[in-house]
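A.B. asks: Below: sequence and its predicted model.
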Amino acid sequence: MMRARTIEELEQVRKECKSMVTKRAAASGGAVLVPIPGADVLADVGILMQLLPAINEKFGLSDKQLEGLDAETKSMIYGFITSVGSKLIGRIITREAIVRILQKMGIRIATKQVSKFVPLLGQGLAAALGFTAMRAIGNRHVDECYEVAKRLLEQQTAADTARNWTVPEQPLEPVGIAQLPNRDPEAAIPLLPPANRDKNPKS
């Protein structure tokens, strides 16, 4: 997929990605209705393993897309990735990485596991937790990808502007009589020092 070339295109990519996150988050919320312990967490892992790489690719930041870039651009992008604190952009998304993300939200997961087996209201609460957690993870990744892509776009735009900027040529023209304010011919003649006088005046 082509990387966005303008801020407007980048905003559109972010909008599409957040819409995709909402749809996948709804699927996570529905997974809690499966009456098998741990089934919803496994579903979350599977959803994220598809969702996060898809977001990377939308922004032109998947590991395969970065491999095709020159060393300077690649180094710049990884610098931006480090600055936003992401460990998922430009890398292969592994199951272990997903599990670590879910572990950071352990309280929500534990609450979801318990509330799922409470009749009626409990299942609704678990579904809401699943939707909220998944949307938070997905939207955060979208925002981090957007920030990296935006910084890269700004850097490339500045470089292109500097590369195309040239000093306007202004030919030097000799100043003649016509260019003088009073058009006085004598004004165009440089003042010469007075003729050397006899240093030994006659006595």
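C.D. replies: Alright, I've got the coordinates.
A.B. asks: Heading C-terminal from the helix or strand of the chain with the lowest mean pLDDT, find the next helix or strand.
C.D. replies: Ranked by mean pLDDT, DSSP states H and E, the weakest helix or strand in the chain is helix 106-115, scoring a mean of 48. Next helix or strand after helix 106-115 toward the C-terminus (DSSP states H and E): helix 121-164.
A.B. asks: which other helices and strands contact that following helix?
C.D. replies: With contacts taken as 3 or more Cβ pairs under 8 Å, 6 or more residues apart in numbering; DSSP states H and E, helix 121-164 sits against helix 7-31, helix 39-58, helix 71-84, helix 106-115. Just so you know, the C-beta spots here come from the backbone N, C-alpha and C atoms, and that holds for glycine as well.
A.B. asks: Would you mind finding the most buried of the ones you listed?
C.D. replies: When you average the neighbours per residue for each of the helices and strands packed on helix 121-164 (mean count of other Cβ atoms under 10 Å), helix 39-58 leads with a mean of 19.
A.B. asks: could I get it in CSV with only the CA atoms?
C.D. replies: What follows is helix 39-58, C-alpha atoms only, in CSV (Å, rounded to 0.1, in the frame of the first residue of the first chain):
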residue,chain,number,x,y,z
ALA,A,39,-12.1,-18.6,24.9
ASP,A,40,-12.6,-14.8,24.8
VAL,A,41,-9.0,-14.1,25.6
LEU,A,42,-7.9,-16.4,22.9
ALA,A,43,-10.3,-14.6,20.6
ASP,A,44,-8.7,-11.3,21.6
VAL,A,45,-5.2,-12.6,20.8
GLY,A,46,-6.4,-13.7,17.4
ILE,A,47,-8.2,-10.4,16.7
LEU,A,48,-5.2,-8.3,17.6
MET,A,49,-2.8,-10.5,15.6
GLN,A,50,-4.8,-9.5,12.5
LEU,A,51,-5.7,-6.0,13.5
LEU,A,52,-2.4,-4.5,14.5
PRO,A,53,-0.5,-5.7,11.4
ALA,A,54,-3.4,-4.4,9.2
ILE,A,55,-3.0,-0.9,10.9
ASN,A,56,0.7,-1.0,10.3
GLU,A,57,0.2,-1.7,6.6
LYS,A,58,-2.4,1.0,6.2
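A.B. asks: Quick check: which ranges of the chain have low pLDDT?
C.D. replies: For the chain, the stretches with pLDDT under 70 are 1-2, 28-43, 105-130, 165-203.
A.B. asks: Residue 4: what's it in contact with?
C.D. replies: With contact set as Cβ atoms under 8 Å, 6 or more residues apart in numbering, residue 4 has these partners: 10, 12-13, 59-60, 149, 153.
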